[in-house]
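Peer 1: Next come a sequence and a model predicted from it.
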Amino acid sequence: MPSTTAPFELPRVGVVITCHNYRAYVEDAIRSVLAQTYQKWDCAIVDDASADGSAEHVRQLLETIGDPRLSLLVRPQNGGQIEAFRDGFAAGNQPFVAFLDADDVWLPNFLAAHLSAHLNSAHSASLSSSDVLLVDRDCVVLSGTYVALRKPRSGKGPTGVAIPPANRLGEVAGIVYSSEYPITYFGPETYGWIWAPTSSMVFRRGALEPVLAFPFKVKTGTDYLAATCAHLVAGSLLLSESLGLYRLHGANISTNSPYAGGHVQFSPANNAKQFALGADVLDYVVANAEPLGAIHGRGFVAGILAYHVRRFHRLIDDPRIVPLLDRKNRWRRHRKRVVLALRRMLVRAED
C-alpha cells in the first residue's frame, strides 16, 4: 500500500513569555502553553528583573514540571518589554514565534489554529492575530471579543480577503484542527492597528528579525512596533475565533480602567506614548525604504509615510520624508504644514 505519511515536517514554534512582577499570573500562562494541542514548541520565559519573586517562582515551577521544552532567562536589570522580547527571540531559531504576556492565557487550540492559518494555500503572511476573550484578574469573562481586531462583524465588513476553509492545510498537513471561523488576509497596504494585543499574535521569524534588531527608542508598546513593522513585508492573517484570555486586572501597562464595554480604554500614559511609537515606526520605514520599495514599489513607502503624517501631525516637519513622498502626498504635506502654521498663529494671537 502507498504511504500516507506527508513528505514534510510541521514547523516548531518558539514561544516567549515575558514577565515583570507578574508572579500571581505567570503560572497560568506557562500551563496554558503546556496544554496546547499543537505540541511542537519550545518556550522561553523571560523575567525582566522582577522584584516580586517571579523568577524564583518560575524556577521552582519548571523544576516541578520537568519539561525540557521550557527554559527560564533572567535579566539582571529591567530593560522594558522590547528587551525581554529580544532576549526571548534570540534564544531560539524556530520559523514561527509567538509572544505571551505573563498575565494572559492561551486556550488549548491557539497554536494549532494559528499554524493552520499560516499554512493556508492562498496567502502567506508576516503575522497572524486571533480574537481574545476579555477577562478580569480571576478569569471571569467580561467580553467575548476584542473590538479593535478587524474581523468580519455584522454591518461592518472588513476590506481584506477571506481565506476559505478549503484553502487551509489543516489535517492534510497533520494539524488536527479544523474551524469554520472566518480568517481574513490584509495586505501590507492596509495601515493602522488591525490586530488584538501581544498574546494574540504569531510571527514569522523572517519578518520579525529585522524589526527586533532595529534600535527603537520606546521600550514598551512592543506589540504596536512589532505588528506594524512586520506587517509591512507580507501582511497579516486575522482569525475571528477567540483563542486566548486577555486579562484586565487594573495594573496593565496599556490600560488600568474598569472595562465598560466596546473598545478597551487606554491609560493616559499609553495615549501620550502614541506619538513616540509613531515616530519609531517612521524611523523604521525611512531606514527600510529601499527594501520595502523593492518589494512593493515606490508608491508603497509614500503611502505609509502619508498615513503617518495624517495620524501624527507633528511628524510632518521631519525633512527625511520629503524625498520619499510622491507628488500628490508632497502637496498634501505642504498644505497640512500651512494649515498647522495658521492654527499656531491663531493660538498665539488669542493668547
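Peer 2: Done, it's in.

Peer 1: Where do the helices of the stretch 51-200 of the chain begin and end?
Peer 2: With helices called from DSSP state H, counting those that start in this stretch, the stretch 51-200 of the chain shows them at 54-65, 81-90, 110-118.

Peer 1: Can you tell me which of those helices is packed in deepest?
Peer 2: Comparing the helices of the stretch 51-200 of the chain by mean neighbour count (mean count of other Cβ atoms under 10 Å), helix 110-118 comes out on top with a mean of 25. For every residue, glycine as well, the C-beta is placed using N, CA and C.

Peer 1: Now do that one: everything it contacts.
Peer 2: Residues outside helix 110-118 that contact it (Cβ atoms under 8 Å, 6 or more residues apart in numbering): 10-11, 13, 32, 36-38, 41, 96, 98, 124-125, 128, 130, 163, 168-170, 173, 175-179, 183, 202, 204, 237, 239, 241, 243-244.

Peer 1: out of those, which are inside strands?
Peer 2: Taking DSSP state E as the definition of strands, the contacts of helix 110-118 contribute 13, 41, 96, 98, 128, 130, 183, 202, 204, 237, 239, 241, 243-244.

Peer 1: Out of the residues you listed, which two sit at the greatest distance?
Peer 2: Taking Cβ to Cβ as the measure, these span a maximum distance of 21.0 Å, between W41 and I183.

Peer 1: The two: who's more crowded?
Peer 2: I183 (28 against 21; other Cβ atoms under 10 Å).

Peer 1: For the nearest residue to that one once chain neighbours are set aside, give me the backbone phi and psi.
Peer 2: The spatially closest residue to I183, leaving aside those adjacent along the chain, is I163, at 4.3 Å (Cβ to Cβ, 6 or more residues apart in numbering). Backbone torsions for I163, taken as degrees, to the nearest 10, come to phi -100, psi 100.

Peer 1: show me what contacts I163?
Peer 2: Counting by Cβ under 8 Å, 6+ apart, I163 touches A117, N120, A122, H123, I183, T184, Y185, L237.

Peer 1: Among these, name the buried ones.
Peer 2: A117, N120, H123, I183, T184, Y185, L237 (16 or more other Cβ atoms under 10 Å).

Peer 1: Closest to Y259 out of those?
Peer 2: T184 (25.3 Å).

Peer 1: Thought V161 was touching the closest one, still the case?
Peer 2: Yes - at 6.8 Å, T184 counts as touching V161 under the criterion of Cβ atoms under 8 Å.

Peer 1: before we move on, back to that, a markdown table for the contacts of I163, including distance to F275 and pLDDT?
Peer 2: Output for the contacts of I163, formatted as a markdown table (distance: Cβ to Cβ, whole Å; pLDDT from 0 to 100):
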| residue | distance to F275 | pLDDT |
| --- | --- | --- |
| A117 | 33 | 92 |
| N120 | 36 | 87 |
| A122 | 37 | 89 |
| H123 | 32 | 92 |
| I183 | 33 | 93 |
| T184 | 29 | 95 |
| Y185 | 30 | 96 |
| L237 | 29 | 97 |
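
Peer 1: Same list (those) but as a markdown table, adding distance to A51.
Peer 2: Compiled in a markdown table, the contacts of I163 are given as follows (distance: Cβ to Cβ, whole Å):
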| residue | distance to A51 |
| --- | --- |
| A117 | 38 |
| N120 | 44 |
| A122 | 47 |
| H123 | 44 |
| I183 | 41 |
| T184 | 42 |
| Y185 | 43 |
| L237 | 38 |
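
Peer 1: Let me know the secondary structure of H308.
Peer 2: Put simply, H308 is helix when judged by DSSP: H, G, I helix; E, B strand; the rest coil.

Peer 1: mind listing what it touches?
Peer 2: Contacts of H308 (Cβ under 8 Å, 6+ apart): G278, V281, L282, V285, L315.

Peer 1: low pLDDT regions in the stretch 251-351 of the chain?
Peer 2: 251-256, 267, 269-271, 325-351 (pLDDT under 70).

Peer 1: looking at it, P152 is touching T184, isn't it?
Peer 2: Yes - using Cβ under 8 Å, P152 is in contact with T184, at 6.7 Å.
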